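Engineer: Here's a sequence, model it:
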Amino acid sequence: MTEKKAYPLRINAAVLAAIQRWSDDELRSVNAQIEYVLRDALRRAGRLLDPPTKAKAKPGIQS
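Structural biologist: So this is what the prediction gives:
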């Protein structure tokens, strides 16, 4: 698992409410939704240096 760091965030109340509704719709926490949106924006902009890796298949098992 990748290292996580705490970071205080001030956010507009309307933006927070919209993120809360979105996270509820996708069954994520607000924190996980914010991280998802940021990671997606970084990936699209070509700025994500280390994309998360998928779990590796066990030896002898092909997917």
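Engineer: quick one: contacts for residue 30?
Structural biologist: Going by C-beta atoms under 8 Å, 6 or more residues apart in numbering, residue 30 touches 16, 19, 20, 23. To be clear about C-beta, it is placed using only N, CA and C from the backbone, and glycine gets the same treatment.
Engineer: List buried residues within those residues.
Structural biologist: 19, 23 (16 or more other C-beta atoms under 10 Å).
Engineer: any idea how far the single longest helix found in the chain is from the chain center?
Structural biologist: Secondary structure of the chain per DSSP state H: the longest helix is helix 30-44. Distance of helix 30-44 from the chain centroid (C-alpha atoms, centre = their mean, to the nearest Å) equals 4 Å.
Engineer: Would you mark the buried spots in it?
Structural biologist: Buried positions in helix 30-44, judged by neighbour count with 16+ other C-beta under 10 Å: 33, 34.
Engineer: Extract the residue ranges of the protein that are flagged as low pLDDT.
Structural biologist: For the chain, the stretches with pLDDT under 70 are 1, 50-63.
Engineer: Quick test: name the residue nearest the centre of it.
Structural biologist: By C-alpha atoms, centre = their mean, the chain has its centre lying nearest to residue 36, at 2.3 Å.
Engineer: what separates it from residue 27, distance-wise?
Structural biologist: Noted for residue 36: a distance of 12 Å to residue 27, by C-beta to C-beta, to the nearest Å.
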